[in-house]
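> predicted model follows, preceded by the sequence.
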Amino acid sequence: MDTPLPPSTPPRPSDEELAEPPIVLPDEELPATREVPPPPAARWAAGHVIITVTIALLLGALLNAADILATAERQPFGPARNASVAAAERLLAVSSALRLDRPRSAIDEALGRGPAEVAEDEPAEEPVIAAPATPSPADEVTEEPTAEPEPEPTRGPYTAADPLTMYIGGDSMVGQFGGALADLADDTGVITMTEVKYEFGSGLSRPDFVDWPERLRGVSRTQQPEVMVLFFGGNDAQPLEIDGTVYEPETPEWQAEYRSRVSALMEELQELGHTVYWMGMPIPRSETLQVRHAILNEIYSSEADLRDSVHFVASWDLFKGPDGGFSEYLPNRNGEVVDMRLDDGIHLTTAGAYRLARPTIARIMADHGIEPADEQGG
Amino acid sequence: MLFPTVEFAVFLIVVLTASWLLMRHRTPWKLFMLAASYVFYAAWDWRYLGLIAGSTVVNQAVAVAMGRRDDERVRKQLLAVGVAANLGLLAWFKYYGFFVSSARNALGEFGITPPLPLLEIVLPVGISFFTFQAMSYVIDVYRRQVAVAPWLDTFLYLAFFPQLVAGPIVRGSEFLPQLREPRDPRAIPAARAFGLILGGLFKKVVIANVLATTLVDPVFATPSAHGSLETLLAIYGYAVVIYADFSGYTDIAIGVALLLGFDFPQNFDAPYSALSLRDFWRRWHMTLSRWLRDYLYIPLGGSSGGAVATAGALMATMVLGGLWHGAAWTFVIWGAFHGVGLAVERFTGQGPTDPTSMGAVERAVRRVITFHVVCLGWVLFRATSLTNAGEVLGQLFEPAALTLVTPAAVALILVGIAVQYVPKDVGVRIGRAFETPRPVLAGVLGGAGLLLIDALGPQGIAPFIYFQF
């Protein structure tokens, strides 16, 4: 066989190789100054090591107790979270009693950070719309991004000197997509980004971790973007605790609660004068998540339909394969089949992000009377 | 189970204590450590336990069969089976989609659609590392450089949790002999281990995470939104991020192994102080460099042939080394970039590694040039496509206001580069303060270190992003 396998005896490298291998030298050929063996005396007994590690980790846990509790509370509702939170609460109680929480508070204060957010169960906001029946994937809105009637441009024409201002925010789904959309926006020459902001593990299900409504209020106040592109859902299909009971996304109680949050946020952003593009979740690989993300999309879509300034941008069908199901590989603009989804079957690759960003920017431009750059002669 | 988590802290205390209590009882200790390692791996996805166990069975069966035979032809056939099984595993899980999509697109140019379906294959954590370790074991047994290990030892070698997920790539000849006798419970290099773990945590949690989230990721995501200075700092920042992230993780792995009584090889040695690309590869991911040299470069002919053959072996080694990092053309090109650089250095005599052979000015100039060549390579490595790499490099000539650069980001970049020039004996001198075991003092200092690392790290990295799987 001609496979370049080594012979049974060790290969005989040339003298030159032994003296100067091209990639890395064996340790014994390293300059003497770099050889730093640990001092022989600095060797401990196992008992001392175990005591040290235990003290270090215990003390570290007490000093960071508030952060550990905040981390525990960010876990999805369920028995594991309950146990973690209970343990972390006891840890924080001990830490507080011993005043070991103070150094961390001082450091956070010096860094201009607030104390680690310790969640309280968010009160359910007033439901404004009745809970829907559980939708199936077949109920998913399949409208294309350009399917909605175009509203009249609110102002314009937009120019480089007087651009349309846009903010992109949300959970980790924004990671690749936000960059792609911002890139395409920049190409227009008349759309300026105020910020692309995403937080891993965040969403509307867990305001105890990141309070997006509060954050977007701040964005509205400080950045005043005309357009807000929001992308949630990557972490939102998790159980919610409502009045002490944990509900799964398939339940009417969960949907009513989640809908109330979406509705309140959309309403507030509209009242603040923003045009909102609310991204729908693309079809995921997991069949369980397909059902759950379809529920999210139905809520986003139907709530957006109730408001003139909020537009739902469907992405589900854009990532379907030829068989109508999830497909990791899809053709790009050049007809090349490329990997559109990350390994988790939820998030988008860069190619996938551009697949979604192109129709999205096209729709934003159409809604605001912005012509494509080539039609502008640019 | 990631190292910088409470879960791992609890896991470590339990495993460390039980390991030393069981150490004198060899078989129960090995069974316990194997179970602990599988628990560690199963924390990502228990379904892949079958994969690592199956890989171990195949490799050990091949090794045992080779050990029982003297016929070189049969041994060679067995080796081919072992290597093919390992490469097949990698090809299926890591490269199938890349190869098939590339083939379809290439043949599509000629109107041909190959009958190769695109499948949904999820990449198992750590497969590149444990597969390379398994290959080194089988090849070393074939070369009679390593004796065939008992089954339980091989299971533990390929699953040993400290290095299972991200290296260093520990060879059988380095690990298996350490299983023959119980580790000495009175001779743990604790000061070095604690230094590696705390330093690794700081590099990973503070330096890498802060720089990546505040500067590097946004610039590479939208290159056109950032000007020359910001882009340049983001490139420097990425050089620091990838060093701090990777070396931080392997430092923790080496430190944890030391606490358990095991010596792992060093994996990084101040790579950004390199005097040439060849010097860089002596210092960067050293266990992979060794692997590529001994199992790829030299079998391909190494430098024993003529200039063209040597350049060919060098290029093949570096391209395949690039592909090992990920299934994408950017990694292939990154490998080729280094292959060309190493070949040029080799044939122009510009690849010295000994700092004592040159003056201070030449050393400084070489270090600056080498660092920038490596940074250029990192742009290819980090970019999502060649277009993205071109956009990033193009922005180096587009002046614009700074929007992301903060004093903290600049300080972290400077720290990340400055640590490359800290003399090694500084660590030894600090370690001398702990020659006499002082568990309480060391524990208090360790706890304070954990406070600083957690407080200085970025907020908002939630551990449950993939909780639904």
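That came through, no problem. Computed from a prediction, not measured in an experiment: that's the story for all the values here. Numbers count the residues shown, from 1 in each chain, chains lettered A, B, ... in the order given.
> how many other residues sit next to B:A80?
Number of residues near B:A80 (other Cβ atoms under 10 Å in any protein chain shown) recorded here: 15. Any C-beta I mention is one placed from the backbone N, CA and C, and that applies to glycine too.
> what stretches of chain A score poorly on pLDDT?
Regions of chain A meeting the criterion pLDDT under 70 cover residues A:1-42, A:76-77, A:114-154, A:156, A:373-378.
> against chain B, how distant is the residue nearest the centre of it?
If you average the C-alpha coordinates of chain A and look for the closest C-alpha using Cα atoms, centre = their mean, you land on A:S172, 1.2 Å from that point. Using Cβ to the nearest Cβ, to the nearest Å, A:S172 is found at 6 Å from chain B.
> and that residue, that one's in a helix?
No - when classified by DSSP: H, G, I helix; E, B strand; the rest coil, A:S172 is found to be coil rather than part of a helix.
> how about it: what's its closest non-neighbour residue?
For A:S172, the nearest residue in space outside its immediate sequence neighbours is A:F200; the separation is 4.8 Å by Cβ to Cβ, 6 or more residues apart in numbering or on different chains.
> quick one: the one you found from A:F209, how far?
Separation of A:F200 from A:F209 (Cβ to Cβ, to the nearest Å): 10 Å.
> near chain A at all, the host helix or strand of B:Y243?
Using DSSP states H and E, B:Y243 maps to helix B:228-259. Yes - under the criterion of Cβ under 8 Å from any Cβ of the partner chain, helix B:228-259 makes contact with chain A via B:L259.
> since we're on B:T17, how many residues are nearby?
Close neighbours of B:T17, defined as other Cβ under 10 Å, add up to 16.
> which ones are touching B:D153?
In this structure, B:D153 makes contact with B:K30, B:L176, B:L179, judged by Cβ atoms under 8 Å, 6 or more residues apart in numbering or on different chains.
> hmm, back to that, who has more neighbours, A:F200 and A:F209?
Counting neighbours by other Cβ under 10 Å for A:F200 and for A:F209 shows that A:F209 has the greater number, 24 against 18.
> sec struct for the more buried one, please.
coil.
> angles on the backbone of the residue nearest to it when sequence neighbours are not counted, please.
Taking Cβ to Cβ, 6+ apart as the measure, A:F209 lies nearest to A:R74, with 4.6 Å between them; neighbours along the chain are not counted. When quoted as degrees, to the nearest 10, the phi and psi of A:R74 stand at phi -80, psi -10.
> just checking, A:R74 touches A:D208?
Yes - with contact defined as Cβ atoms under 8 Å, A:R74 reaches A:D208; the gap is 7.2 Å.
> so between the two, which is more surrounded?
The residue with more neighbours, out of A:R74 and A:D208, is A:R74; 23 against 15, by other Cβ under 10 Å.
> got the domain boundaries for the chain?
Unless you meant another one, I'm taking chain A. Domain assignment of chain A by automatic domain parsing yields the ranges A:46-110, A:137-367.
> wait, I meant chain B there
Following automatic domain parsing, one gets these domains for chain B: B:6-102+B:122-180, B:194-420.
> stretch B:413-420: which residues count as buried?
Buried residues in stretch B:413-420, defined by neighbour count with 16 or more other Cβ atoms under 10 Å in any protein chain shown: B:I413, B:G416, B:I417, B:V419, B:Q420.
> per-residue pLDDT, the last one?
Among the per-residue scores, B:Q420 shows a pLDDT of 89.
> and it, how close does it get to B:A408?
B:Q420 sits 20 Å away from B:A408, taking Cβ to Cβ as the criterion.
> likewise for the third one?
Going from B:I417 to B:A408 by Cβ to Cβ gives 15 Å.
> three-state assignment of A:V338?
If you use three-state DSSP, then A:V338 falls in the strand class.
> ok but B:P182 is inside a helix, no?
No - the assignment for B:P182 (three-state DSSP) gives coil, which keeps it out of a helix.
> what's the closest non-adjacent residue to it?
Once its chain neighbours are removed from consideration, B:P182 has its nearest residue in B:M23; the separation is 4.8 Å (Cβ to Cβ, 6+ apart).
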